[in-house]
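A.B. asks: Predicted coordinates and the sequence they were generated for:
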Number of protein chains: 2
Amino acid sequence: MNILIVHAHPEPQSFCTAMKDLAVATLEGAGHQVRVSDLYAMNWNPVATAADFRTRSNPDYLVYALEQRHAQAQGELAPDIAAELDKLLWADLVILNFPLFWCSVPAILKGWIDRVLVSGVCYGGLRFYDRGGLAGKRALLSFTLGGQDHMFADEAAVHGDWEPMLRPLQRGTLAYVGMSVLPPFAAYHVPYVSQEARADILRQYGDYLGRLDDLQPLRFPSLANFDRALRPLGQEVPA
Amino acid sequence: MNILIVHAHPEPQSFCTAMKDLAVATLEGAGHQVRVSDLYAMNWNPVATAADFRTRSNPDYLVYALEQRHAQAQGELAPDIAAELDKLLWADLVILNFPLFWCSVPAILKGWIDRVLVSGVCYGGLRFYDRGGLAGKRALLSFTLGGQDHMFADEAAVHGDWEPMLRPLQRGTLAYVGMSVLPPFAAYHVPYVSQEARADILRQYGDYLGRLDDLQPLRFPSLANFDRALRPLGQEVPA
């Protein structure tokens, strides 16, 4: 299996970085090919701008997704985007590895999503969810956070359930482009726990990575259940 | 009222920018003080790094939130962050105005959140939700998207309901720091509609901005209903 780990932590000695290193060792040890995009180390530019396209279909007015489609078709995407898109298309499994910032990814990783999930390749028109451009690939989130398990246990928990909190990432992004999304791995309470507890989390993460083929993907809508206007089938619209 | 609009669109002629301009005119016309942080125009740096702190409590290992707390207390935050934090603390109402990218904010705006919502000021320890550091302020999301209303109408819709999709922003960010969150304004289907339809959306947005005091804030948890370990009160933990 070809595996791309997109890693985004500003501290190279962080526990999150140790998770990335463990994933590389574990997955290579299991015979997989692993590539890492270490966004901080790469000084990745997360800001989507007109400079992302070496040629423009409309030089006077920027519609980012349309220019992605145009530039990709012409082979005129900015080189940093083209390189990441190549890695993404090479991968059978994509791991986003990050510290949870504001219940989401750090900006540098959001900008990898904004710039690399190129319209026309990863999605476009009615090509999303199970018809998405990256169908056949798998993806997962692995992240660290200060909070504890019980704070996200269910909708009665102080922050509610994980599913809605991670919905923009797991459904609105990874499933949207067609990837099969495996259950996330959350490393809880990391800034507050002992070295022993951290070692234990790493063991759990290693176990999780060894069981990827046994994990049941999360469930998301199938476009077969919606009409061409993307209304649920069977739902009548007044004439 | 003091109002801060944080605006993030890469195309100055965009409809989203017209919404920002309309908000400035409407709100100033109503007698409010309005300031705008136009992140693309400012060339805002969205990437949280060690360079954000002119002094460090631990120069050898970066824990971003701890260094925010330390640097803010010493008056040693990077000048771009300090300037935005001043605007945020000045504001009674904060409007995040953006195009929806991957069911969230563009990376440049995510990086405003990551860097400006400084620990120790905006939140910290048990100071969040209704005990958050920005309690007493209001906030709202105003955004453009390609999708249509019915695609987010309820949980049976193709993308589910807005509340979970916007949860990391509205609950995990704005409500987390204590702000009262007003219902969002979504400008649907923008890339596909006529100029007439766009003018109509702008009229609706103007109406919405004129009714801010009549809008019922969204509901989020009160920490009064949780114990000090942040478990729901009344929920017994086995000894």
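C.D. replies: Yes, it's here. Numbering: from 1, shown residues only, chains lettered A, B, ... in the order given.
A.B. asks: Could you tell me how far the nearest residue to residue A:150 once chain neighbours are set aside is located from residue B:115?
C.D. replies: In space, and not counting its chain neighbours, residue A:150 is closest to residue B:231: 5.8 Å by C-beta to C-beta, 6 or more residues apart in numbering or on different chains. Any C-beta I mention is one placed from the backbone N, CA and C, and that applies to glycine too. Using C-beta to C-beta, to the nearest Å, we find residue B:231 at a distance of 31 Å from residue B:115.
A.B. asks: what mean pLDDT does stretch A:75-84 have?
C.D. replies: The average of the pLDDT scores along stretch A:75-84 is 98.
A.B. asks: Tell me which residues of that stretch come out buried.
C.D. replies: Judged by neighbour count (16 or more other C-beta atoms under 10 Å in any protein chain shown), stretch A:75-84 contains these buried residues: A:77, A:80, A:81, A:82, A:84.
A.B. asks: Restricted to strands, list those.
C.D. replies: Under the assignment DSSP state E, the buried residues of stretch A:75-84 contribute nothing to strands.
A.B. asks: and of those residues, the nearest to residue B:209?
C.D. replies: The shortest approach to residue B:209 among the buried residues of stretch A:75-84 belongs to residue A:81, at 36.5 Å (C-beta to C-beta).
A.B. asks: Touching, residue A:223 and residue A:126? I think so.
C.D. replies: Yes. Taking contact to mean C-beta atoms under 8 Å, the distance of 6.8 Å between residue A:223 and residue A:126 places them in contact.
A.B. asks: quick one on the thing from earlier: quick one, which of residue B:231 and residue B:115 is more surrounded?
C.D. replies: Between residue B:231 and residue B:115, counting by other C-beta atoms under 10 Å in any protein chain shown, residue B:115 is the more crowded of the two (25 against 18).
A.B. asks: residues in contact with residue A:138?
C.D. replies: Taking C-beta atoms under 8 Å, 6 or more residues apart in numbering or on different chains, we find residue A:138 in contact with A:92, A:93, A:94, A:179, A:180, A:181, A:182, A:212, A:217.
A.B. asks: And the strands in chain A?
C.D. replies: With DSSP E applied, chain A shows strands at A:2-7, A:33-38, A:93-99, A:138-144, A:180-181, A:185-187, listed in chain order.
A.B. asks: Show me how far the second one is from its chain's centre.
C.D. replies: The gap between where strand A:33-38 is centred and where its chain is centred comes out at 14 Å by C-alpha atoms, centre = their mean, to the nearest Å.
A.B. asks: partners of residue A:99 in the sheet?
C.D. replies: With DSSP bridges applied, the residues forming beta bridges to residue A:99 are residue A:144.
A.B. asks: Burial check on it, number of neighbours?
C.D. replies: The criterion is other C-beta under 10 Å. On that basis, residue A:99 has 26 neighbouring residues.
A.B. asks: May I have stretch A:221-236 exported as CSV, CA atoms only?
C.D. replies: As requested, C-alpha coordinates have been extracted for stretch A:221-236 and formatted as CSV (Å, rounded to 0.1, in the frame of the first residue of the first chain):
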residue,chain,number,x,y,z
PRO,A,221,-24.4,9.5,2.0
SER,A,222,-24.5,7.7,-1.3
LEU,A,223,-25.5,10.0,-4.2
ALA,A,224,-27.7,7.1,-5.4
ASN,A,225,-30.2,8.3,-2.8
PHE,A,226,-30.4,11.8,-4.2
ASP,A,227,-31.8,13.2,-7.4
ARG,A,228,-29.9,15.4,-9.8
ALA,A,229,-30.7,18.5,-7.8
LEU,A,230,-29.3,16.7,-4.8
ARG,A,231,-32.7,16.4,-3.0
PRO,A,232,-33.3,13.2,-1.2
LEU,A,233,-35.1,10.8,-3.5
GLY,A,234,-38.8,10.4,-2.7
GLN,A,235,-39.0,14.0,-1.5
GLU,A,236,-41.5,15.8,-3.7
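A.B. asks: May I see the buried residues of it?
C.D. replies: Of the residues in stretch A:221-236, those with enough neighbours to count as buried (16+ other C-beta under 10 Å) are A:221, A:223, A:226, A:230, A:231.
A.B. asks: avg pLDDT for that stretch?
C.D. replies: Mean predicted confidence for stretch A:221-236 is 90.
A.B. asks: And for stretch A:131-147?
C.D. replies: The pLDDT scores in stretch A:131-147 average 98.
A.B. asks: Next: stretch A:151-171.
C.D. replies: When pLDDT is averaged along stretch A:151-171, the result is 97.
A.B. asks: quick one: buried residues of it?
C.D. replies: Of the residues in stretch A:151-171, A:151-153, A:157-171 count as buried by neighbour count, 16+ other C-beta under 10 Å.
A.B. asks: and chain B, which of those residues reach it?
C.D. replies: Intersecting the buried residues of stretch A:151-171 with the surroundings of chain B, defined as C-beta under 8 Å from any C-beta of the partner chain, gives A:151, A:157, A:158, A:159, A:160, A:163, A:164, A:165, A:167, A:168, A:171.
A.B. asks: and of the residues you listed, the nearest to residue A:70?
C.D. replies: The shortest distance between residue A:70 and any of those, using C-beta to C-beta, involves residue A:168 and amounts to 26.3 Å.
A.B. asks: ok, the closest residue to that closest one other than its chain neighbours - contacts?
C.D. replies: Closest residue to residue A:168 in three dimensions, ignoring its sequence neighbours and counting by C-beta to C-beta, 6+ apart: residue B:103, at 3.9 Å. By C-beta under 8 Å, 6+ apart, the contact set of residue B:103 is A:167, A:168, A:171, A:172, A:173, B:159, B:165.
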